[in-house]
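# Dropping a prediction and its sequence here:
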Amino acid sequence: MAQTPSSVVIVGGGLAAAKTAEALRDQGYEGPVTLVGAEQHLPYERPPLSKDYLAGKAEFDDAIVHPADWYEQNNVTLRLGTEVTAVHPSESAVELAGGERLEYGALVLATGSSPRRLPIPGAENALTLRYREDSDAIRATFGEGKRLVIVGAGWIGLEVAAAARDKGTQVTVLESAELPLLAVLGREMGKVFADLHREHGVDLHFGVSVAEIAADGVRLKDGTHFPADAVVLGVGAAPRLELAEEAGLATDNGVLVDAALRTSDPAIYAVGDIANHDHPVLGHRVRVEHWATALNQPAAAAAAILGEDGDGYRELPYFFSDQYDLGMEYVGTSPGDSHVVTRGDVPGREFVAFWLDGDDRILASMNVNVWDVVDEIKALIAEGRQVDVGKLADPDVGYADVGK
Ligand SMILES: Cc1cc2nc3c(=O)[nH]c(=O)nc-3n(C[C@H](O)[C@H](O)[C@H](O)COP(=O)(O)OP(=O)(O)OC[C@H]3O[C@@H](n4cnc5c(N)ncnc54)[C@H](O)[C@@H]3O)c2cc1C
């Protein structure tokens, strides 16, 4: 029987950190648990920051993972507004800003991501979206007669566009690729999102190269100027790996973790956006910057901390997005340019799209305004069974019967 650690320190104040504390207590760990988070806020979920909270339709408190008294009742010490500046594995200790040290029996890193910035003049003038304060600042730029330019037609850029249009803002989106979300969804599905935003009055420009962000707008390399009252940069996020790298942990596009979320140091674990996970079902490494991973990985990490590795973390990558009246869920992982099969009404935006490999195995799917199908599709992806493309496209054939 493995020994349980004398204490657990969790670094990071987001969803993955809060869920790690919860999972440790749920699984019966009784030792000291300390959560150190740089933000002043209680750990909260970020998806509403680009959706209902941004649109002024939900309160911030709705996004809080646990209220303050949960931490008290569960004897979890919260050190908010506190940055961890170093991890010293040889001393089993972390260092806080100001020099204080906390010793750990096990350490969980959940430092998440930070927004990428473009290496162009004036990039620092643009707003980015990761924290509550960013969402507040972006919302303040919305309104009739205001002009917002969004650089990047990824998930966050498009969700900000939808929230801004909802408030009557004039919105222009500038994207270097030929379509939105091209790398993830490919051409056919990228077009669905381009059409959606055009129908809602967004001025979309693809294949453009931004040269400069100035106080009065955005200038392209070809000289075109897009006047703006505010500019939002939505060009992706980068995992926050400084602590792990300086501590000498193995990293490569994230902190390398085994199936049970353990890093190259057996006393240190990584969960959420920063974890590059050796996925036992997919059979390859995957780093997922999505809510469901931050929500679900901590239970597997807590089990491993308590000496119960089991099968490791087996959930398939999953995410969702809401834009105007389009709600979608995506499960699995696939390059956008894989073969796409659809079932349902694509122009009417009520359909499921599947991405297949060369042997007609489903790699990923996206259900758009069609609900309660994810579990069945997950099973198909996990089984890795070959499907009959005609049956897969036919809404009258049940998912259990789409096999070849
Ligand atoms: C605006 C927005 C909208 C999103 N919408 C969706 C969506 O619709 N669907 C979806 O699936 N996913 C969505 N995501 C992604 C999802 O929110 C992330 O995958 C999730 O937040 C990752 O959780 P995490 O706990 O790993 O990291 P984070 O949420 O990034 O939290 C990390 C925390 O660690 C703290 N921290 C970092 N370094 C230190 C340190 N050295 N010391 C102390 N604290 C530190 C940070 O301050 C932060 O509070 C969205 C993300 C954003 C930003």
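Sure thing, it's come through.

# Longest helix of this protein, counting residues only.
For the chain, the longest helix by residue count, based on DSSP state H, is helix 182-199.

# mean confidence for that helix?
In this model, helix 182-199 carries a mean pLDDT of 97.

# One more: stretch 206-224?
Averaging pLDDT along stretch 206-224 yields 96.

# And for Leu49, nearest residue in space, chain neighbours not counted?
Nearest non-adjacent residue to Leu49, counting by C-beta to C-beta, 6 or more residues apart in numbering: Ser135, 4.0 Å away. Glycine gets a C-beta too; all of them are placed from N, C-alpha and C.

# cool, and Gln297?
Nearest residue to Gln297 in three dimensions, chain neighbours excluded: Val271, at 4.4 Å (C-beta to C-beta, 6+ apart).

# on that earlier part again, anything in the longest helix of the chain near the ligand?
No: on the criterion C-beta under 6 Å from any ligand atom, helix 182-199 is out of touch with the ligand, staying 12.2 Å away.

# could you point out which element follows that helix?
Once the chain leaves helix 182-199, the next helix or strand it forms, by DSSP states H and E, is strand 203-206.

# buried ones in the helix or strand just after that following strand?
Using DSSP H and E, the next helix or strand after strand 203-206 towards the C-terminus is strand 210-214. For strand 210-214, a neighbour-count test (16 or more other C-beta atoms under 10 Å) marks Val210, Ala211, Glu212, Ile213 as buried.

# what's the farthest-apart pair in the residues you listed?
By the measure C-beta to C-beta, Ala211 and Ile213 form the most distant pair in the buried residues of strand 210-214, at 8.9 Å.

# Show me the common contact partners of those two, please.
Common neighbours of Ala211 and Ile213, using C-beta atoms under 8 Å, 6 or more residues apart in numbering, are Ile120, Pro121, Arg219.

# measure Lys57 to the ligand for me?
For Lys57, the distance to the ligand (C-beta to the nearest ligand atom, to the nearest Å) stands at 15 Å.

# Checking that residue next. Helix, strand or coil?
Three-state call for Lys57 (DSSP: H, G, I helix; E, B strand; the rest coil): coil.

# measure it to Leu363 for me?
34 Å (C-beta to C-beta, to the nearest Å).

# Neighbour count: those two, which is higher?
Each of Lys57 and Leu363 has its neighbours counted (other C-beta atoms under 10 Å); Leu363 has more, 17 against 12.

# Quickly find the element holding that one.
Going by DSSP H and E, Leu363 is in strand 362-368.
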